[in-house]
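> What follows is a predicted protein model with its sequence.
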Amino acid sequence: MAKRVTKLQQLASAGPAVRSGRATATLCQEFLDYLRGECHLAANTISAYGNDMRRFVAWVDTRRLPDLTIQDLSGYVGTLQEEDLAPASISRNIVAVRTFYKFLQLEGVVTDNPAELIMTQKMWQRMPGVLTMRQVESFLNSPKRSDKFWQRDVAMLEVLYATGCRASEVCNLRVRDLSMAQKHLRCEGKGGKQRMVPLGGRAIASIKRYLEELRGDLAAKSPHPPEELFLSRSGRAIDRVQLWRLVKAYAKRVGIDEKISPHSLRHSFATHLLAGGADLRLVQEMLGHASIQTTQIYTHVEHSRLKKVHSQFHPRA
């Protein structure tokens with residue numbers, strides 16, 4: 001055991017030329033020896049792990065193991081899907097990589113284990129519907145000036161996508177929760193927990209237009225001055241059912257899947273951020289998830305989307 005630790009630590013501290021696919025292959029072989037000699041796994045299990053690790057080594061190539069992120073590993077899972085592997089095979093590959101990272105942690109090669117956050121096949125099947133960026137653009141432009149309350153509707157849809165807030169959170173937003181100058185809003189989530197969520201320029205512009213052109217008229221219809229930001233035709237706070245119906249109606253107008261809901265904008269918000277390279281824990285904070293395990297469902301973005309981001313932003317793509 002002492003010899004293996006020394007060898008792995010030497011590989012971990014080696015220069016870039018040593019930290020290559022060959023070094024990764026050596027680490028994987030040490031891992032298989034560990035499973036065989038100390039975990040006493042069956043020969044067939046060791047063989048299956050060996051096949052999975054060879055596939056992983058080929059994918060890693062010249063990347064450095066300590067530098068791989070959850071986005072990188074999600075891309076690896078995407079390549080498994082592109083190879084049309086059976087769901088059971090993909091799940092086994094994920095288990096192999098997770099176990100390998102635990103081994104690397106024990107040996108001091110890596111400190112963090114991003115593989116813990118890779119979704120299982122069962123989770124993929126529960127993957128919420130996500131709109132493409134083009135669909136989002138079409139959807140957000142669906143309210144027209146001929147619609148009676150189009151200023152309010154545009155602002156609501158923009159806020160849903162810009163913040164990733166839940167439908168109930170958007171309905172409960174108050175005017176005083178906005179900070180236009182600081183470009184954020186205060187949101188009260190589940191359990192009364194408050195969080196600050198950034199607002200983009202388009203969302204701010206649509207809110208300002210709604211406040212200037214429409215909200216005052218709607219508020220005047222209420223017997224008591226309403227605190228909520230988004231109001232119905234009667235001057236009361238808009239509720240989740242009304243918001244749900246508006247989302248459905250505008251989605252239908254532009255030919256988007258009828259299964260879309262306000263929550264689809266939340267799913268799209270998270271997935272698009274992660275596809276663009278956002279940090280998982282920052283997305284967790286913006287979504288108001290108590291556990292990062294809840295946020296991890298969004299980490300399995302389409303590999304083609306990752307390629308597109310790479311092609312668009314990498315200087316040598």
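Everything's here; your move.
> going forward, measure contacts between C-alpha atoms and count neighbours the same way
Fine.
> which stretches of the stretch 201-317 of the chain form helices?
Counting by DSSP state H, counting those that start in this stretch, one finds helices in the stretch 201-317 of the chain at the ranges 201-210, 216-219, 240-253, 262-275, 280-287, 292-295, 303-313.
> Identify each buried residue in stretch 279-297, please.
Along stretch 279-297, the positions that meet the burial threshold by neighbour count (16 or more other CA atoms under 10 Å) are Leu280, Val283, Gln284, Glu285, Met286, Leu287, Gly288, Ile292, Thr295, Gln296, Ile297.
> and what of stretch 232-249?
Those would be Ser232, Gly235, Arg236, Ala237, Ile238, Asp239, Arg240, Leu243, Leu246, Val247, Lys248, Ala249, for stretch 232-249 by 16+ other CA under 10 Å.
> for those, which one is nearest Leu27?
Taking CA to CA as the measure, Leu27 sits nearest to Val247 out of the buried residues of stretch 232-249, at 51.0 Å.
> Can you check the pLDDT for the closest one?
Predicted confidence (pLDDT) at Val247: the value is 94.
> pretty sure it is touching Lys259, no?
No - checked against CA atoms under 8 Å, the pair Val247 and Lys259 is beyond contact range at 10.2 Å.
> Can you point out the buried residues in the helix or strand containing Leu104?
When elements are defined using DSSP states H and E, Leu104 is found to belong to helix 87-106. Going by neighbour count (16+ other CA under 10 Å), the buried part of helix 87-106 is 90-104.
> Now do the same contact list for Ala220.
Contacts here follow CA atoms under 8 Å, 6 or more residues apart in numbering; on that basis Ala220 touches Gly235.
> 10 Å - rerun?
In this structure, Ala220 makes contact with Pro226, Ser234, Gly235, Arg236, judged by CA atoms under 10 Å, 6 or more residues apart in numbering.
> count of neighbours near Leu32?
Using other CA atoms under 10 Å, Leu32 has 20 neighbouring residues.
> just Trp150 next, same as before
16.
> Next: Leu199.
Residues lying near Leu199 (other CA under 10 Å) number 20.
> same check, this time on Ala278
Ala278: 14 neighbours (other CA under 10 Å).
> what do you get for Asp257?
Neighbour count for Asp257, taken as other CA under 10 Å: 12.
> Give me the nearest residue to it, chain neighbours excluded.
Ala251 (7.1 Å; CA to CA, 6 or more residues apart in numbering).
> Does that neighbour touch Glu137 like I think?
No - the pair Ala251 and Glu137 fails to qualify as a contact (CA atoms under 10 Å) at a distance of 11.3 Å.
> quick one, which of those two is more surrounded?
The neighbour count for Ala251 versus Glu137, taken as other CA under 10 Å, is higher for Ala251 (23 against 11).
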